[in-house]
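> Prediction below, plus the sequence it came from.
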Amino acid sequence: MAEVIRMPLLSDTMTEGKIVTWNKKVGDKVKSDDVLADVETDKATMEVVGYADGVLLYIGVPEGQVAKVNDVIAVVGKAGEDYKALIAGGSTSAGGSPQANAAPAAAPAQAPAPQASAAPAAPAVTPESLGATVIRMPLLSDTMTEGKIVTWNKKVGDAVKSDDVLADVETDKATMEVVGYAAGTLLYIGVPEGQAAKVNDIIAIVGKAGTDVNALVASLNSGSPAAQATGAPAAQPAQPGESTAPQTAAAPTAQSDAGGRLKASPLARRIAADKGISLSDVSGSGDGGRIIKRDIDTFVPAAKAPAQQGPAKAAVPAFSAAPGTEGFTDLPNSQMRKVIARRLAESKFSAPHFYLKIEVNMDNSISARKALNEISPVKISFNDLIIKAAAMALRRHPAVNASWMGDFIRQYNHVHIGSAVAIEDGLIVPVIRFADQKSLSQIASEAKDLYEKAKNKKLQPNEFSGNTFTISNLGMMDIEEFTAIINPPDSCILAVGKIEEKVVRTPEGFGVINVMKLTLSCDHRSVDGAVGAAFLQTLKKFLENPVAMLA
């Protein structure tokens, strides 16, 4: 059956996207992981993946034109398959965008009688016939395939506005907000809190109050397994009244979701972080106890707050077991951990890795960093020096600043350095864009902000995508040297060890120098050994003589 491809939500503030280029044309075969189009959003130009195998049957938005989020932009199916009914809104996989289907929806009314009788039930189950909007799981990162509903900020029966945040969704990168872009009443929730839905699966329906969506849900369920997550839409009219009392009783205190994450708007979180206010101390006045900006502005610390925090910390037990007993704990994988496992396994077993190691004398870098920090507006770290040196070296060795694309190798004219950061759920790679064009103080300031966002799960898609080269530094954790797995789509990743003293022979006898070990992991499909070695030699020269980076 043909699949409708819609304009995904590529950033939390995106309402529409401009098709920069189509990477496939009608009639081309496509795989589920093929990049169909490059889309310009309000944040960056990003790639749209169709997650469907088959043939590109239809392109609904030409290059250079704009489509709203959730509008139909393409159809993928079997060669020769009739897809016109999908565009007209007659498909179970097409629902959810009144804007996209408004014009085609008028076609059945003008069609001859035989066509109208061919599908008499269609008007009864389409979103358009009910005046409803189907909300689907948006694509919130370039590597996302599914999202976990952390919390619903609205319940069935609640009135919603087009800019209301319906749910907080955990992706492989961060926890982000899903906006429905539809006004009305929340009629149906298809994925309970704590469960996951694949990209483009139905997660909710918004429409006129009192609308019976049972037939629509049944139709959607027949084509979308994720929509079957809740099986009692008929009981929805009674749910709002039943759930009102407990929610009202809990409103005076800050509410948290099933995963223990406090409900708070992004603005409230940012202001609280700036003021050093713990969200656990704040009472939320928003929907369902959600903390909003007003709550932070009017917050007055309580004298007993520290005493209350003590038991909360003690409530997290350390590992313990009775002597002579066996046991284990099964920890569910987060969305981030699932994607890390999948992508790095693909990288390790599809890209033939080889490794190049080099030792760098860091004495001059230590002196240069000390001198720079006396005048720099922000503290410059050794990692900042390595980012700058790597970026400068990549300019001289563009073959390393490349990606293996199957039929060709793509060499980038820009240098975007990813810097791996360990967070609670796994690993994320914030990206320093145009690192070769920035000063050390600019790199240090930007890196500090990105690392802080990463730890607080506040990174936006354009801040963790687009890398052309990656650096993984474990030196601060006392690791002498290690090898790293290449971070797709890069051809190389640099593993950085700690700086340690080493005794060496000198003309005068023996002396001590500070050395750092670097290991470059290379994809042999696109980077040969001599190319990688030449890059490391240049990187070594920059680090051993930092002044050369200013030339």
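Happy to help now that I have it. Numbers count the residues shown, from 1 in each chain.
> In the stretch 201-350 of the chain, where is pLDDT below threshold?
By pLDDT under 70, the low-scoring segments of the stretch 201-350 of the chain are 222-262, 266-267, 270, 274, 287-288, 302-321, 335.
> Spell out the residue ranges of the strands in it.
202-207 (DSSP state E, counting those that start in this stretch).
> cool, the stretch 401-550 of the chain as well?
With DSSP E, counting those that start in this stretch, the ranges of strands along the stretch 401-550 of the chain come out as 402-404, 409-411, 417-419, 421-423, 426-428, 431-432, 469-473, 492-506, 509-523.
> and these as a markdown table, adding mean pLDDT, mean neighbour count and distance to residue 206?
For glycine as for every other residue, the C-beta is placed from the backbone atoms N, C-alpha and C. Converted to a markdown table, the strands of the stretch 401-550 of the chain look like this (pLDDT from 0 to 100; neighbours: other Cβ atoms under 10 Å; distance: least, Cβ to Cβ, whole Å):
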| stretch | mean pLDDT | mean neighbour count | distance to residue 206 |
| --- | --- | --- | --- |
| strand 402-404 | 95 | 20 | 40 |
| strand 409-411 | 95 | 14 | 41 |
| strand 417-419 | 96 | 26 | 38 |
| strand 421-423 | 87 | 16 | 33 |
| strand 426-428 | 84 | 19 | 32 |
| strand 431-432 | 96 | 22 | 35 |
| strand 469-473 | 97 | 24 | 41 |
| strand 492-506 | 94 | 17 | 44 |
| strand 509-523 | 95 | 18 | 46 |
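> Let me know which of these is the nearest to residue 348.
Between residue 348 and these, the tightest spacing by Cβ to Cβ is seen for strand 509-523, at 9.9 Å.
> on contacts alone, who are the packing partners of that closest one?
strand 353-361, helix 363-373, strand 492-506, helix 529-544 (3 or more Cβ pairs under 8 Å, 6 or more residues apart in numbering; DSSP states H and E).
> what angle separates that strand from strand 353-361?
150 degrees (axes from the mean of the first three to the mean of the last three Cα atoms, to 10 degrees).
> ok, residue 377 - how many residues close by?
8 (other Cβ atoms under 10 Å).
> so which of the helices and strands packed on strand 509-523 gets nearest residue 205?
strand 492-506 (43.9 Å).
> Run a quick neighbour tally on residue 278.
Neighbour tally, residue 278, other Cβ under 10 Å: 14.
> how close does it sit to residue 272?
8 Å (Cβ to Cβ, to the nearest Å).
> What of residue 201?
Using Cβ to Cβ, residue 201 is found at 33 Å from residue 272.
> With residue 438 instead?
Distance from residue 438 to residue 272, by Cβ to Cβ: 30 Å.
> how about the helices of the stretch 101-250 of the chain, start to end?
107-110, 113-118, 122-125, 127-130, 214-223, 239-250 (DSSP state H, counting those that start in this stretch).
> what's the answer for the stretch 251-400 of the chain, then?
With DSSP H, counting those that start in this stretch as the criterion, the stretch 251-400 of the chain has helices spanning 266-275, 293-297, 305-314, 335-350, 363-373, 382-396.
> Stretch 15-29 - what's its average pLDDT?
Stretch 15-29 carries an average pLDDT of 91.
> Residues that sit against both of residue 278 and residue 272, list them.
In terms of Cβ atoms under 8 Å, 6 or more residues apart in numbering, residue 278 and residue 272 are not both contacted by any residue.
> my guess is residue 548 meets residue 539, correct?
No: contact criterion Cβ atoms under 8 Å: residue 548 and residue 539 do not qualify, at 11.1 Å.
> When these two are compared, which one has more neighbours?
With neighbours defined as other Cβ under 10 Å, residue 548 and residue 539 compare such that residue 539 has more, 25 against 14.
> Count residues in the vicinity of residue 34, would you?
Residue 34: 19 surrounding residues under other Cβ under 10 Å.
> I should have written residue 301 there, sorry.
Counted with other Cβ under 10 Å, residue 301 comes out at 12.
> Give the full set of residues in contact with it.
Shown in contact with residue 301 (Cβ under 8 Å, 6+ apart): 277, 281.
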